[in-house]
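Visitor: Fold the following.
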Amino acid sequence: MPEVEMAAVEAAQEQSGATRTPNAAGRYFVRFTREQRYLHAVLFTTFLGLAATGLPMRFSESFWARKFAAGVGGFGAILFFHKFCALVLTIAFLIHVKDLFVRAFMDHEKGVFWGPTSMVANWKDVKDLLGHMRWFLGLGPRPQFERYAYWEKFDYWAVFWGMVIIGFSGYAMWFAPFFAHFLPGWALNAVLVIHSEEGLLAILFIFSIHFVNTHLRPDSFPIDMVVFTGVESEEEFKLKRPMEYARMKAEGKLEKRLGIAPPLWLTNFSRVVGFLAVFIGLTLLVLTLSAYFS
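Guide: You can find the predicted model right below:
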């Protein structure tokens, strides 16, 4: 996080009642910047909106879908909100891609595409996956993770892939007359199937695998709030990502990551938002499975 931004965050949080704890046991470290947290907020709110509007159209004959449509003004209103969420999410995705481009090719930032701080999978992630499976079975020690664990990278690229496939197919349906100029008729029919099935797959993945990996596993249960507050305690840092902690300490960069303990209002707000998002997601998952298998 840039020093100017850090100073602004510190000043704002100090006014809110947050303090920098002097002892090592109470130190907090920045994991996500303010911009990253805001982008994630847009991501999960628009995804929930897309799921809540896409599922009733996918399972329009279900009892709950008809009731929901009647309550919001019909399927036309649902489609309107679906397109609105898609547009906002697309803008957020393009902002993220632009940020990656600037960091990698204009600022020449190391580690964007390779290394311990990259979201690109490497051989260590394969070894961590196999080591984790052995640890689950009690056949070996727990793997030591770096800045991003293998399942976090998988989550990231699943969303990236979904934005390209689901996004393109969605816009092809939205602006069908335009795409009909260079796509054959069978392709326009195919994008409907692709959009529907890939969207359903994304919903099932996020509301099951992602929720379990991020919030419901023992290290984070009942909810991991670091993406909301942006900081984590030193104990949590060393427990979840010991290799990153050791690397930064050896490089003398640990102190530069010192943050501010989140104020009480932010902690409580994060809990409410997090629990609400998980509740909505699990509710949609149950409705999806009930509609799909019925």
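
Visitor: in the stretch 1-150 of the chain, which spans are strands?
Guide: According to DSSP state E, counting those that start in this stretch, the stretch 1-150 of the chain carries its strands in the segments 28-30.

Visitor: Can you identify each of the helices in it by residue range?
Guide: Secondary structure of the stretch 1-150 of the chain, counting by DSSP state H, counting those that start in this stretch: helices at 3-15, 34-58, 63-72, 75-101, 123-136, 150-174.

Visitor: out of these, deepest packed?
Guide: Of all the helices of the stretch 1-150 of the chain, helix 34-58 has the most neighbours on average by mean count of other Cβ atoms under 10 Å, namely a mean of 19. C-beta here means a position set from N, CA and C on the backbone, and glycine is covered the same way.

Visitor: per-residue confidence at residue 182?
Guide: Predicted confidence (pLDDT) at residue 182: the value is 89.

Visitor: would it count as being in a helix?
Guide: No - applying DSSP: H, G, I helix; E, B strand; the rest coil, one finds residue 182 to be coil, outside a helix.

Visitor: how deep is it tucked in, by neighbour count?
Guide: 7 (other Cβ atoms under 10 Å).

Visitor: And for the one 5 residues further on?
Guide: Applying other Cβ under 10 Å, we find 14 other residues in the vicinity of residue 187.

Visitor: still on that earlier bit, can I get the helices of the stretch 1-150 of the chain in TSV including mean pLDDT and distance to residue 284?
Guide: As requested, the helices of the stretch 1-150 of the chain are exported to TSV (pLDDT from 0 to 100; distance: least, Cβ to Cβ, whole Å):
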stretch	mean pLDDT	distance to residue 284
helix 3-15	41	34
helix 34-58	95	5
helix 63-72	92	10
helix 75-101	95	14
helix 123-136	94	28
helix 150-174	93	16
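
Visitor: export those to CSV and tack on distance to residue 232?
Guide: What follows is those, written out as CSV (distance: least, Cβ to Cβ, whole Å):
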stretch, distance to residue 232
helix 3-15, 15
helix 34-58, 13
helix 63-72, 37
helix 75-101, 22
helix 123-136, 20
helix 150-174, 14
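
Visitor: Cool, thanks, talk later.
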